[in-house]
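*Asks:* 3D, please:
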Amino acid sequence: MSICFNPIGFVRTKLSDEEVRNKPHDELEADIEILSEYVEGLEAIDGFSHLLVFFYLNKVTAEQRKLLKTKPRSVVRYGLTVEELPLVGVFSLDAPHRPNPIGLTAVKLVWRKDRILRVKGLDALNETPVLDLKPYSPARKIDKFEVPDWYKNVISKVKAKGHDIIDF
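*Replies:* Prediction:
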């Protein structure tokens, strides 16, 4: 079976790939430039405070797509070493290395000007193809959720290093 997607737009950021990978997500600002043929689809999006952005991780290599186990390396920015991290399946992580390199991030919509959406919290690299946008609505909110023990353990190690907020 073959599945094909066409981008509806592209991420535009002045940050380097390294800066995007290493900064906390809530500090990242970027523009999503929607292709002109899809501008009509933006009608009435302005009132939403947050959006879900689906994107294609175009810089993930074929070799990286074969990895089914990895470590949550993004927490290294909080002072942990790779050796301290558990090896887990890619479906347990928000890691870019996965069989289908599709990214999903909830972002704050800062403003819209015609076909440009300024967003905050988008952990996508410059020129990343955007596949779809959906509004974040009350129906998507989950108040009570659980995480596994390995996840709680990583969070407690990060907190022991003096960090309160973690995204991985």
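*Asks:* Leaving out chain neighbours, which residue sits closest to Leu133?
*Replies:* Excluding the flanking residues, the one nearest Leu133 by CB to CB, 6 or more residues apart in numbering is Leu51, at 5.4 Å. Every residue, glycine included, has its C-beta placed from N, CA and C.
*Asks:* From Leu104, how far off is the one you found?
*Replies:* 11 Å (CB to CB, to the nearest Å).
*Asks:* do the same with Leu131
*Replies:* 10 Å.
*Asks:* Now do stretch 147-167, average pLDDT.
*Replies:* Per-residue pLDDT over stretch 147-167 has a mean of 87.
*Asks:* Domains in this structure, by residue range?
*Replies:* 1-60+101-136, 61-99 (automatic domain parsing).
*Asks:* right, and those - which one's nearest Trp150?
*Replies:* Set against Trp150 and scored by CB to CB, these come closest in domain 61-99, at 4.7 Å.
*Asks:* start to end distance for the closest one?
*Replies:* 10 Å (CA to CA, to the nearest Å).
*Asks:* same question, stretch 22-38
*Replies:* Span of stretch 22-38 from end to end, CA to CA: 32 Å.
*Asks:* contact partners of that stretch?
*Replies:* Contacts with stretch 22-38, where a contact means CB atoms under 8 Å, 6 or more residues apart in numbering, come from 7-13, 15, 20, 41-42, 53, 77, 105, 110, 115-124, 126, 130, 133, 165, 167.
*Asks:* Which ones among the residues you listed lie within helices?
*Replies:* Taking DSSP state H, the ones among the contacts of stretch 22-38 that sit in helices are Val20.
*Asks:* ok, of the contacts of stretch 22-38, which come out buried?
*Replies:* Neighbour counting by 16 or more other CB atoms under 10 Å classes 7-11, 13, 15, 20, 42, 53, 77, 105, 115, 117-119, 121-124, 130, 133 among the contacts of stretch 22-38 as buried.
*Asks:* Give me the residue at the spatial middle of the chain.
*Replies:* Thr105 (3.9 Å; CA atoms, centre = their mean).
*Asks:* what's across from it in the sheet?
*Replies:* Bridge pairing for Thr105 (DSSP bridges) gives the partners Val53.
*Asks:* so where's this protein uncertain?
*Replies:* 165-167 (pLDDT under 70).
*Asks:* May I ask you to name the longest helix in it?
*Replies:* Per DSSP H, the chain has its longest helix at helix 149-160.
*Asks:* burial measure for the residue nearest to Lys134 when sequence neighbours are not counted, as a count.
*Replies:* Among residues not flanking Lys134 along the chain, Leu52 sits closest, at 4.4 Å (CB to CB, 6+ apart). By other CB atoms under 10 Å, the residues close to Leu52 number 15.
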